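Undergrad: predicted model follows, preceded by the sequence.
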Amino acid sequence: MNIMEVRDVKKVYGSKQVESESRALNGVSFFVQKGEFLGIMGPSGSGKSTLLNVISTIDSPTSGTISLRGKSFLNLNEDELSSFRRKQLGFVFQDYNLLDTLTIKENIILPLSLSKVDVATMEEKLKKISSILNIEDILAKYPYEVSGGQKQRAAVARAIITEPEIIFADEPTGALDSKSSKELLDNLSLLNINNKATIVMVTHDAFAASYCDRIIFIKDGILHTEIEKTKGRKDFYNELLSTLATIGGAESDII
Ligand SMILES: Nc1ncnc2c1ncn2[C@@H]1O[C@H](COP(=O)(O)OP(=O)(O)O)[C@@H](O)[C@H]1O
Ligand SMILES: [Mg+2]
């Protein structure tokens, strides 16, 4: 079942009257299936973050349609959008986006506190999720007192505590060392398999992408190609590397 449909989405930054107009997306169409772990890859500057921002309500497209469970969210006003975002979507960013003045626990339950969920329910959800992500021991600490990998697992906990329809992650392993990256990807993979979480992840890293079920490649703002994982992760990884080599954006593009 398709949970999200994206049709002919275009994004032009700047005004059409000025010369600095930048066409970041040039007509992108695809769908996200319920329960899939979808990856978005492409060279630096190809429009990956723009695409993720537009399909996750952070930014609006210049034209095109995006719908979640058959309903377009493009016509919602700011209040409706923020409520929709909080209840239906989960976000994980490269730089964690945790609030330094709150403890890890307070950060994780923030979306529930904002939705005025009762304390007992919050505690119960927190307990379950922090056990899945193995962060029970750091709940009383502040973000600056824990490692990058722990911060990112806390960010994932915050993203999933509302049981969102879709989790969006933009380069979630971008700031992590290889061991923490692997732990995070294993966690995302488990959430996808055990909790049937739908995940859309942008990454330029073939190793991270090899955890996905399917990858769409974008180049110069258009969908270039799509690959589905049919065999194991290692074969998929090699397939991704050769695709990246043909369209650019392979390991050598990593800054
Ligand atoms: N806020 C912005 N204003 C103007 N141009 C932007 C903005 N954000 C991104 N761009 C441009 O849009 C293109 C795609 O950027 P982006 O989506 O960030 O690519 P990626 O995430 O694949 O590296 C680039 O040419 C970039 O310079
Ligand atoms: Mg980006």
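TA: All right, it came through fine. Ligands and ions are numbered 1, 2, ... in the order given.
Undergrad: measure the one residue sitting closest to the centre of the chain to ligand 2 for me?
TA: The centroid of the chain falls nearest to residue 169 when counting by C-alpha atoms, centre = their mean (1.8 Å). Between residue 169 and ligand 2 the computed distance is 12 Å (C-beta to the ion, to the nearest Å). For every residue, glycine as well, the C-beta is placed using N, CA and C.
Undergrad: what does residue 150 give?
TA: Separation of residue 150 from ligand 2 (C-beta to the ion) stands at 24 Å.
Undergrad: surely that residue touches residue 135?
TA: Yes. Assessed by C-beta atoms under 8 Å, residue 150 is found in contact with residue 135 at 6.0 Å.
Undergrad: quickly list what's touching both of the two.
TA: The contact sets of residue 150 and residue 135 overlap at residue 104 (C-beta atoms under 8 Å, 6 or more residues apart in numbering).
Undergrad: excluding chain neighbours, give the residue nearest to residue 247 in space.
TA: residue 219 (5.2 Å; C-beta to C-beta, 6 or more residues apart in numbering).
Undergrad: before we move on, what about residue 39?
TA: Per C-beta to C-beta, 6+ apart, closest to residue 39 is residue 212, 3.6 Å.
Undergrad: and what about the one you found, helix, strand or coil?
TA: Assigned with DSSP: H, G, I helix; E, B strand; the rest coil, residue 212 falls in the coil class.
Undergrad: show the pLDDT at it.
TA: As predicted, residue 212 sits at a pLDDT of 98.
Undergrad: which single residue of the stretch 101-250 of the chain ends up nearest ligand 1?
TA: The minimum distance from the stretch 101-250 of the chain to ligand 1, using C-beta to the nearest ligand atom, falls at residue 202 (6.6 Å).
Undergrad: next one: the strand or helix carrying residue 49 to chain centre, how far?
TA: In this assignment (DSSP states H and E), residue 49 forms part of helix 48-55. Distance, stretch centre to chain centre, for helix 48-55: 10 Å (C-alpha atoms, centre = their mean, to the nearest Å).
Undergrad: how near is residue 110 to residue 157?
TA: Using C-beta to C-beta, to the nearest Å, residue 110 is found at 11 Å from residue 157.
Undergrad: what's the answer for residue 131, then?
TA: Distance, residue 131 to residue 157, using C-beta to C-beta: 10 Å.
Undergrad: between the two, who's got more neighbours?
TA: Comparing residue 131 with residue 157 by other C-beta atoms under 10 Å, the one with more neighbours is residue 157, at 26 against 10.
Undergrad: and the pLDDT for residue 75?
TA: Listed pLDDT for residue 75 reads 82.
Undergrad: so it, which state does it fall into?
TA: When classified by three-state DSSP, residue 75 comes out as coil.
Undergrad: ok, then the element right after the host helix or strand of residue 12?
TA: Per DSSP H and E, residue 12 falls inside strand 2-13. Per DSSP H and E, the first helix or strand lying C-terminal to strand 2-13 is strand 22-33.
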